[in-house]
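S.K.: pasting the sequence and the predicted coordinates here, then a few questions.
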Amino acid sequence: MAAAEALLLARIQFGFTVSFHIVFPAITIGLASYLAVLEALWLRTGRQVFQDLYRYWLRIFAVNFGMGVVSGLVMAYQFGTNWSRFSDFAGSITGPLLAYEVLTAFFLEAGFLGVMLFGWKRVGPGLHFFATLMVAVGTLVSATWILASNSWMQTPAGYEIVDGRVVPTDWVAAIFNPSFPYRLVHMVVGAYLATALVVGAAGAWHLLRSRDDAAIRMMTSMAMWMLLLVAPLQAFIGDQHGLNTLAHQPAKIAAIEAHWENRPGEGVPLTLVGWPDMEAERTLWAIEVPRLGSLILTHSWDGQFPGLKEYPPADRPNATIVFWTFRIMVGLGVLMIALGLWSAWARWRGTLYRSRPLLRMALAMGPAGVVAILAGWYTTEIGRQPWVVYGLMRTADGVSPHGPVELSVTLALFVVVYFVVFGAGLVYMLRLIAVGPAASGEGGPEGGGPGQARHPMRPLSAAPAVGAAAPTATRG
C-alpha cells in the first residue's frame with residue numbers, strides 16, 4: 001500500500017513540475033521566432049512599428065526565458081531523486097540526449113541572449129539580428145533533443161538490453177524513432193499557436209481599452225494571420241500523429257476513443273462525449289456518431305482497431321482521464337480555427353480592429369494554446385501508462401525507493417514555492433503586457449536619443465513603471 005502511494009505521489013510531483021515547466025519553453029519557442037520575424041521585417045522595411053513591437057515583446061521574452069530555465073532545472077533533478085531506477089535502466093540513452101540539449105541548444109541560447117537583450121546599440125543591426133536568429137534556432141534545437149528523448153520513451157528504437165540496462169546500438173534509430181517527427185512538429189506548431197494566441201489576446205486587450213495605434217494593430221493582425229494559416233495545419237499534423245500512435249501504441253488510441261471492443265462487421269463509432277468507466281468496462285452516457293471513429297483513424301468506413309478489452313486490465317491506460325484531456329485539446333483546436341476564420345471575415349469587412357465580440361473572443365482565447373499543450377501532454381503521457389518506457393519498463397519499476405511521507409512533504413513544498421515564485425513571474429509578465437508597446441519614435445529597452453522617453457535597460461528594472469496605467473489613444 002505504501003509503495004502504491006509513493007508511486008502515485010512521485011507521478012503527481014513530476015506531473016506538477018513538468019506542467020509548470022512546459023508553459024515557459026513553449027512560449028519561449030514561439031516568442032523567439034516571432035522576435036526574429038519582427039527584426040527581419042524591421043531591417044527589410046525600416047518601419048518603426050516592427051522595432052517597437054520587437055522591444056516590447058523582448059522584455060516579456062526575457063522574463064519568460066528565465067522562468068523556463070529555473071523550472072527546467074528542478075524538473076531535471078527529479079530523474080535522479082524520484083526516478084533513479086528508470087535512470088539506471090534507460091539513462092544511457094536519455095542521459096546523452098538531455099546532455100546534447102545543454103551542449104548545443106542551451107549554450108547557443110545563452111551565448112547570444114546577452115547580445116539580443118542588451119546589444120541593441122552596442123553592435124550593428126546585422127549582428128543583432130544574427131543573435132536573435134541564433135536564440136530562435138537554439139529554442140528549436142532544444143525542443144528537438146527534448147522531444148527525441150521523450151519520443152524514445154514512447155517508441156523505443158536503436159537499443160538492446162544488456163544485464164538489465166538499455167544499451168544504445170544505433171543512435172540514428174534512437175533519435176529518429178518512429179514517433180519523433182510527429183511529436184516534434186506537433187509540439188513546435190503548438191508552441192507557435194500558443195504564442196500567437198497570447199499576442200492576439202494582448203492586442204485585443206488594448207483595442208478593447210480604446211488604444212488603437214499601429215503597433216497594436218500590427219501585432220493583432222499578425223496573430224490572426226498565424227491562427228488562420230497554422231491552426232488548420234495543426235489539425236492535419238494531429239491526424240497524422242494519431243495514425244502513428246495507432247500503429248505503435250494502439251492501447252493509447254483505444255483509451256482516447258473509449259473504444260472497448262469491436263463488433264463483427266461494424267465500423268467503430270466516434271464517441272463525442274461520455275464517461276469511460278474503467279471498472280465496468282463501458283462508457284456511460286455516450287453520444288456516438290456511427291463509423292466516424294473508423295473513418296478518422298483507419299480512413300475507411302469499416303476499419304477496426306483493437307479495443308481496451310483486448311489488453312489485460314493492468315496494461316490499460318486510464319481512459320477516463322485521456323478521453324477528456326484529448327477532447328479538451330481538440331475542442332480548443334476547433335475554437336482556434338474558428339477564431340482564425342472569423343478574423344479573416346472581419347478583415348475582409350474592415351472590422352478586424354473594431355468588432356468587440358471578435359476581440360473579446362481573442363482575449364478569452366489567450367490561454368487556450370497553453371491549455372491545449374498541457375492537455376496534449378497529459379494525453380500522451382498518461383496514455384503511455386503503465387509504461388515509463390513503452391513495452392520495456394513499467395512506471396512502478398522506475399520509481400525511487402522513497403516513502404509516501406518524504407514525497408508528500410516535498411510535493412507540498414513544490415506547490416507552495418512554485419505558486420509563489422512562478423505565480424509572481426506570471427503576474428509580472430501580464431503587467432508588462434498591459435503596458436503595451438511604446439508609441440512610434442520612443443526609445444526601446446536601452447533608451448532613445450535626446451528628448452525621447454527612456455525605458456529601463458533590464459527587463460526586471462521596468463517594475464516600477466509597470467504599475468502605472470497603460471497609455472490609451474483615441475480610436476483612429
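M.R.: Cool, got the structure. A quick note: this is a predicted structure, and the numbers were derived from the prediction, not measured.
S.K.: list the beta-bridge partners for V273.
M.R.: Counting by DSSP bridges, V273 is bridged to I287.
S.K.: how far away is it from A4?
M.R.: V273 sits 31 Å away from A4, going by CB to CB, to the nearest Å. (C-beta placed from N, C-alpha, C; glycine too.)
S.K.: ok, N318 next?
M.R.: Taking CB to CB as the measure, N318 and A4 are separated by 15 Å.
S.K.: between those two, who's got more neighbours?
M.R.: Ranked by neighbour count (other CB atoms under 10 Å), N318 and A4 place N318 first, with 14 against 10.
S.K.: return the distance of that one relative to A258.
M.R.: As judged by CB to CB, N318 and A258 stand 11 Å apart.
S.K.: repeat that for V435.
M.R.: 46 Å.
S.K.: look at the two and report which has more neighbours.
M.R.: A258 (27 against 20).
S.K.: do I have it right that E5 meets E406?
M.R.: No: in this structure, E5 is not within contact of E406 by CB atoms under 8 Å, at 11.4 Å.
S.K.: give me the contact list for stretch 155-167.
M.R.: Stretch 155-167 has contacts (CB atoms under 8 Å, 6 or more residues apart in numbering) with 88-90, 92-93, 168-175, 177-180, 248-249, 389-392.
S.K.: V199 touches A223, doesn't it?
M.R.: Yes: with contact defined as CB under 8 Å, V199 and A223 form a contacting pair (4.3 Å).
S.K.: off-centre distance for stretch 187-199?
M.R.: Here stretch 187-199 shows a centroid-to-chain-centroid distance of 8 Å under the convention CA atoms, centre = their mean, to the nearest Å.
S.K.: mean confidence for it?
M.R.: The predicted model assigns stretch 187-199 a mean pLDDT of 95.
S.K.: which other residues reach it?
M.R.: 25-27, 29-31, 33-34, 57, 140, 143, 147, 219-220, 222-223, 226-227, 230-231, 233-234, 237, 336, 362, 365-370, 372-373, 376.
S.K.: low-confidence ranges in the chain?
M.R.: Along the chain, the parts satisfying pLDDT under 70 run over 1, 439-476.
S.K.: if you count residues, where's the longest helix of it?
M.R.: When every helix of the chain is counted residue by residue (DSSP state H), the longest turns out to be helix 2-45.
S.K.: tell me the buried residues in the next helix or strand after it?
M.R.: Using DSSP states H and E, the helix or strand that directly follows helix 2-45 along the chain is helix 48-81. Of the residues in helix 48-81, 48-72, 75, 78-79 count as buried by neighbour count, 16 or more other CB atoms under 10 Å.
S.K.: quick one: the helix or strand just after helix 48-81 to helix 48-81, angle?
M.R.: Once the chain leaves helix 48-81, the next helix or strand it forms, by DSSP H and E, is helix 84-100. Relative orientation of helix 84-100 versus helix 48-81 (axes from the mean of the first three to the mean of the last three CA atoms, to 10 degrees): 150 degrees.
S.K.: show me what helix 84-100 is packed against.
M.R.: Where contact means 3 or more CB pairs under 8 Å, 6 or more residues apart in numbering; DSSP states H and E, helix 84-100 is packed against helix 48-81, helix 125-154, strand 165-168, strand 387-389, strand 393-394, helix 395-398.
S.K.: out of the ones you listed, which gets nearest to H299?
M.R.: For H299, the closest of those is helix 125-154, at 22.5 Å, according to CB to CB.
S.K.: that closest one versus helix 84-100: what angle between them?
M.R.: Going by the same axes, to 10 degrees, helix 125-154 makes 150 degrees with helix 84-100.
S.K.: do a quick rundown of the helices in the stretch 201-350 of the chain.
M.R.: Shown for the stretch 201-350 of the chain, the helices assigned by DSSP state H, counting those that start in this stretch span residues 214-248, 250-256, 292-297, 319-349.
S.K.: hey, which of those helices is tucked in deepest?
M.R.: helix 250-256 (a mean of 24; mean count of other CB atoms under 10 Å).
S.K.: in ChimeraX, select just the buried ones from the contacts of stretch 155-167.
M.R.: The buried residues among the contacts of stretch 155-167 can be selected in ChimeraX (16+ other CB under 10 Å) with this line:
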select :89,90,93,168,174,175,177,178,179,180,248,249,389,390
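S.K.: phi, psi for the residue nearest to W171 when sequence neighbours are not counted please.
M.R.: Nearest non-adjacent residue to W171, counting by CB to CB, 6 or more residues apart in numbering: G158, 6.4 Å away. Torsion angles at G158 (phi, psi; degrees, to the nearest 10) stand at phi 70, psi 40.
S.K.: can you check T351 too?
M.R.: In terms of degrees, to the nearest 10, the main-chain angles of T351 are phi -120, psi 20.
S.K.: measure it to A344 for me?
M.R.: Distance from T351 to A344, by CB to CB: 12 Å.
S.K.: got it, and N318?
M.R.: Here N318 is placed at a distance of 39 Å from A344 (CB to CB).
S.K.: ditto for R59
M.R.: 31 Å.
S.K.: could you do F176 as well?
M.R.: 37 Å.
S.K.: what of F14?
M.R.: In terms of CB to CB, F14 sits 41 Å off from A344.
S.K.: check A36 too.
M.R.: 25 Å.
S.K.: which residues are in contact with the residue lying closest to Y56 once chain neighbours are set aside?
M.R.: Nearest residue to Y56, sequence neighbours excluded (CB to CB, 6+ apart): P437, at 3.7 Å. Applying CB under 8 Å, 6+ apart, we find P437 in contact with D52, L53, R55, Y56, A215, I216, M219.
S.K.: which one is the last one nearest to, not counting chain neighbours?
M.R.: Looking back up the chat, that one is M219. In space, M219 is closest to G203, 4.8 Å off (CB to CB, 6+ apart).
S.K.: cool, the fifth one as well?
M.R.: Distance criterion CB to CB, 6+ apart; nearest residue to A215, sequence neighbours excluded, is P437 at 4.1 Å.
S.K.: name the SS class of that neighbour, please.
M.R.: Under the three-state scheme (DSSP: H, G, I helix; E, B strand; the rest coil), P437 adopts coil.
S.K.: which residues does I27 contact?
M.R.: So I27 contacts N64, A191, A194, T195, V198, V370 (CB under 8 Å, 6+ apart).
S.K.: could you measure from the last one over to L193?
M.R.: The reference is to V370. Using CB to CB, V370 is found at 10 Å from L193.
S.K.: neighbour count winner among the two?
M.R.: Higher neighbour count among V370 and L193: L193, with 28 against 22, using other CB under 10 Å.
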